[in-house]
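>>> Here is a sequence together with a model predicted from it:
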Amino acid sequence: MEQEQEESSVTSTSGLWIFGYGSLCWNPGFEFDKSVTGFVRGFSRKFWQGNTTHRGTENKPGRVATLIEDKESIVWGRAFEVRGEAALPYLDRRECKLGGYRVQLTTFFPGKSSYLADADTGPLTTSFPAVFYVASPSNKLWLGDAPLTDIASQIVECSGPSGHNVEYLMRLAGFMRECVPEAVDEHLFALEFLVRSRIKEQNLCLKTLMGGSPISASPPRTPPQEPEDADENGAVGGEPAIRPDSFQFTSRVPPKKLRCLNI
């Protein structure tokens, strides 16, 4: 598999590494030289952070993942060795200025050695430092804990310029199943079950909510190019950018053309 080939080349940890546990797992948005699946200790992943710029709006904020201190838990994700000098300014805008996150340092532990075997040096098993982004209750977008049923309903109801909130949840769950099938994330998978149930109950089209794209756990090393006049939200001319494969775009198509809605 392409992912295994990419991760098998990781034999050095001397560069700057970014740990992603949410949308960075499938959409880092910056160039990187290497990526590897693994985990950090002392945290659990929760959908307690609000989002108004990518998966929600000011009136209906979506819910995205953050890390909560939990000494007994681990969180699986993906670490990227960044390329060039553009990654950190990009992430500062995406995660801090727009997302409400702050920078923190942690220790990253590479995953199964079967993912990392190298013909010359053997598997990479040594932990190494990595930068990650985490939200705290003091930021203005913080939503905090709530019954899982309420969080699931909010996810189904919200969307933003980057796509539907459902897509964010499903792609993260898909990453976990594809890359770390043995891992347990009760919060994530309980939400996935509840969201799928609500989609079925409301007779919604999951493919449409996903922007019409299949789930993939292998992010592109080079991010897609944005228009030269786009701002940090991906907007052009002051208007939010809408992906042609996004929920917002397809929701504007006449219903008779959305065959998967069966109406």
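Yes, it's here.
>>> rest of the way, CA atoms for contacts and neighbours
Noted.
>>> so where does residue 39 fall, helix or strand?
Element membership for residue 39, per DSSP states H and E: strand 32-51.
>>> repeat for residue 103
strand 102-110.
>>> Dump that strand to PDB, restricted to CA.
In PDB, the C-alpha atoms belonging to strand 102-110 read as follows (Å, rounded to 0.1, in the frame of the first residue of the first chain):
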ATOM      1  CA  ARG A 102      -2.500  26.900  21.100                       C
ATOM      2  CA  VAL A 103       0.900  25.300  20.500                       C
ATOM      3  CA  GLN A 104       2.200  22.600  22.800                       C
ATOM      4  CA  LEU A 105       5.000  20.000  22.800                       C
ATOM      5  CA  THR A 106       4.600  16.300  23.400                       C
ATOM      6  CA  THR A 107       6.400  13.000  22.900                       C
ATOM      7  CA  PHE A 108       5.300  11.000  19.900                       C
ATOM      8  CA  PHE A 109       5.500   7.200  19.800                       C
ATOM      9  CA  PRO A 110       5.600   5.600  16.400                       C
END
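>>> residue ranges for the strands of the stretch 151-263 of the chain, please.
For the stretch 151-263 of the chain, the strands defined by DSSP state E, counting those that start in this stretch occupy 159-160, 163-164.
>>> can you redo the ones you listed as TSV with mean neighbour count and distance to residue 21?
Converted to TSV, the strands of the stretch 151-263 of the chain look like this (neighbours: other Cα atoms under 10 Å; distance: least, Cα to Cα, whole Å):
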stretch	mean neighbour count	distance to residue 21
strand 159-160	26	20
strand 163-164	24	18
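>>> nearest to residue 176, of these?
Nearest of the strands of the stretch 151-263 of the chain to residue 176, taken as Cα to Cα: strand 163-164 at 19.2 Å.
>>> Which secondary structure elements does that closest one sit against?
On a contact count with 3 or more Cα pairs under 8 Å, 6 or more residues apart in numbering; DSSP states H and E, strand 163-164 meets helix 247-250.
>>> okay, now the residue nearest to residue 42 when sequence neighbours are not counted: neighbour count?
Nearest non-adjacent residue to residue 42, counting by Cα to Cα, 6 or more residues apart in numbering: residue 71, 4.1 Å away. Using other Cα atoms under 10 Å, residue 71 has 10 other residues around it.
>>> Same check on residue 111?
By the criterion of other Cα under 10 Å, residue 111 has 20 neighbours.
>>> Same check on residue 174?
So residue 174, with other Cα under 10 Å, has 18 neighbours.
>>> roughly how far apart are it and residue 86?
With distances taken as Cα to Cα, to the nearest Å, residue 174 is found 28 Å from residue 86.
>>> Which element, helix or strand, includes the residue nearest to residue 42?
strand 62-82.
>>> helices and strands around the next helix or strand after that strand, which ones?
Under the assignment DSSP H and E, the closest C-terminal helix or strand after strand 62-82 is helix 87-91. Applying 3+ Cα pairs under 8 Å, 6+ apart, we find helix 87-91 packed against no helix or strand.
>>> model confidence over helix 87-91, on average?
If you average the pLDDT over helix 87-91, you get 93.
>>> which residues are in contact with it?
Here helix 87-91 makes contact (Cα atoms under 8 Å, 6 or more residues apart in numbering) with 30-31.
>>> helix/strand/coil for residue 55?
Three-state call for residue 55 (DSSP: H, G, I helix; E, B strand; the rest coil): coil.
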